[in-house]
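K.L.:
Take a look and give me a structure for this.
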Amino acid sequence: MRRHALTSPADLRAAGLAPDAPGVLEAVAEEFRIRITPAMQGAIEAPADPVAAQFVPTAAELLTRPEEMPDPIGDDAHSPAPGLTHRYPDRVILHVTKTCDVYCRFCFRRETVGETGPLAEPALAEALAYVARTPAIREVILTGGDPMTLSPRRLADVLARLAAIPHVSTVRLHTRVPVVAPERITAALVALLAGQRMAVWVVLHTNHAQEMTPAAQGAIARLVDAGIPMLSQSVLLRGINDSHAALLALFRALQDNRVKPYYLHHCDLARGTSHFRTSIAAGRALMRGLRGHLSGAAVPTYVLDIPGGHGKVPVTADHFTPGTAPGTWRVTDWQGRVHDYADPLPLPPGHG
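P.N.:
Numbers count the residues shown, from 1 in each chain. Alright, predicted model coming up:
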C-alpha cells in the first residue's frame, strides 16, 4: 500500500491512474479537488474499476449540463446560521468541516469541499447557539466534508457542546472514513463516540463491495462492537453499481458487517456528474429486482433529493407519478408540494 494520498495529476500519473490525454486532468483539477487515500489506492484492482471510477477524475467532468447546479440539494436555501442547514423541523445538518479524506467525483458538495477546513469558531458558536435556542431540534447530523477527519480534540469539543444542549438527543456522523481511512477508527475515537450522553449513530457512505477491504471491515467491527449503531448510504452510479449483481454484493457485504443499508441516493445534479447519473426508471427497475433476492433488512430506501432544497423523498408511487412526457415526473415532497423532475435528455451532437 502506498504511504501518501494522491492529490494531483502528477500523483495519478505516477500511480498509473491517468487515463486521459495530457492537460485533461489539470483542467479538471482546476475545477474540482483530487484526493485518494492509501486505503483506496490499495482497493483499486485496475484503472477505471468500480473504486477507481469513484475517485480518479476524467474529461467527462468538464461537461456541465444545463440542469446541473452548484448547490443541487439546496443547503444554502435552508441555512439560518453559517455552517448549518435546517430543512426539517426536528433535525439540522452541521457542516463541521469542508475537508474529506477522499474527493468523490460525483459529490453534491464538490463546489465547496476542501475550501476552508474546519468550521471557524465564531461560525460554530453561532450555529450551536441557533440549535440551543430552537427546542424542536432533537437530532444533529455532523457532515461537511467528513466529520471524522476532525482531530479527536476538535470532535470531542463539538460533541461536548452538543451534549450540553438538553433537547439534543441524537447525533449522526455521516462519514466515509471507516472505509477510505480505516486507520482513523482508533480505540480513543471509538471510546469518545460510545461514551456520549446522546445516542450516536455512524452513517457510512460506501458504493461498491470492493471498498469493503479487510481493514474497512475491522474499522466497522470496532465501532459496532462498542455498541455504536451503523447505517449506510450509497449513491446509484452508472457504470459503478447500477446492476443487480453490484447492489446485491454491496448490501449483503454491509449486512454481513452489521451495517443496515439505509439510503440509495439517486445521483444529484452537481456540476460535471451527468456521466454517473441513471434514469429514475432504471433505478426503480433495479430496486424491484432486489426484492426476493435480498433480505428485507438489507434493502435500502431509494431516494431523490429534490433539486433546489425541497427535501428527500422515496422514489415510490406515493411520491412519484409520471409526467406528460417520457422521462418526466411529478414529485410530491414531504410537505405535500409538487415539483417537476426530468431525467436529463441526450445533448445535441457536439455537446459531449
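
K.L.:
tell me the contacts of the closest residue to Arg197 other than its chain neighbours?
P.N.:
Nearest residue to Arg197, sequence neighbours excluded (C-beta to C-beta, 6 or more residues apart in numbering): Ala163, at 4.8 Å. C-beta here means a position set from N, CA and C on the backbone, and glycine is covered the same way. Contacts here follow C-beta atoms under 8 Å, 6 or more residues apart in numbering; on that basis Ala163 touches 196-198.

K.L.:
and Arg284, how many neighbours?
P.N.:
Counted with other C-beta atoms under 10 Å, residues neighbouring Arg284 total 17.

K.L.:
Was I right to think it contacts Val315?
P.N.:
Yes. The pair Arg284 / Val315 is scored as a contact, 6.1 Å apart, by C-beta atoms under 8 Å.

K.L.:
and Asp340, that's in a strand?
P.N.:
Yes. Applying DSSP: H, G, I helix; E, B strand; the rest coil, one finds Asp340 inside a strand.

K.L.:
still on that earlier bit, of the contacts of Ala163, just the buried ones, PyMOL syntax please.
P.N.:
Of those, the buried ones go into a single PyMOL selection, burial set by 16 or more other C-beta atoms under 10 Å:
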select buried, resi 196+198
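
K.L.:
ok, of the contacts of Ala163, which one's closest to Val56?
P.N.:
Minimum distance to Val56 across the contacts of Ala163 is 37.0 Å, recorded for Gln196 (C-beta to C-beta).

K.L.:
Confirm the closest one sits in a helix?
P.N.:
No. According to three-state DSSP, Gln196 belongs to no helix; its state is coil.

K.L.:
show me what contacts it?
P.N.:
Contact partners of Gln196, counting by C-beta under 8 Å, 6+ apart, are 159, 163, 171.

K.L.:
what's the answer for Tyr302, then?
P.N.:
Counting by C-beta under 8 Å, 6+ apart, Tyr302 has contacts 236, 263-264, 266, 283-284, 287, 314-315.

K.L.:
quick one: pLDDT of it?
P.N.:
Note for Tyr302: predicted pLDDT of 97.

K.L.:
Now intersect the contacts of Tyr302 with the helices, please.
P.N.:
283-284, 287 (DSSP state H).

K.L.:
Could you identify the most distant pair in the contacts of Tyr302?
P.N.:
Applying C-beta to C-beta across those, the maximum distance is between Tyr263 and Arg284, 15.1 Å.

K.L.:
Columns pLDDT and distance to Glu139 on top of the ones in helices among the contacts of Tyr302, output as TSV?
P.N.:
As requested, those are arranged in TSV below (pLDDT from 0 to 100; distance: C-beta to C-beta, whole Å):
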residue	pLDDT	distance to Glu139
Gly283	96	27
Arg284	95	29
Met287	96	26
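
K.L.:
Closest to Tyr130 out of those?
P.N.:
Ranked by distance to Tyr130 (C-beta to C-beta), those are led by Gly283 at 35.3 Å.

K.L.:
so where is this structure shaky, pLDDT-wise?
P.N.:
Within the chain, the set of residues satisfying pLDDT under 70 comprises 1-3, 20, 74, 108-116, 345-352.

K.L.:
Mind jotting down where the helices sit in it?
P.N.:
9-14, 24-31, 38-43, 52-55, 121-132, 152-163, 177-180, 187-194, 214-225, 244-256, 280-290.

K.L.:
Tell me which of these sits most buried.
P.N.:
Of all these, helix 177-180 has the most neighbours on average by mean count of other C-beta atoms under 10 Å, namely a mean of 28.

K.L.:
Other residues contacting that helix?
P.N.:
37, 39-40, 101-102, 146, 148-149, 184-185, 202, 204-206, 211-213, 216, 219-220, 223.
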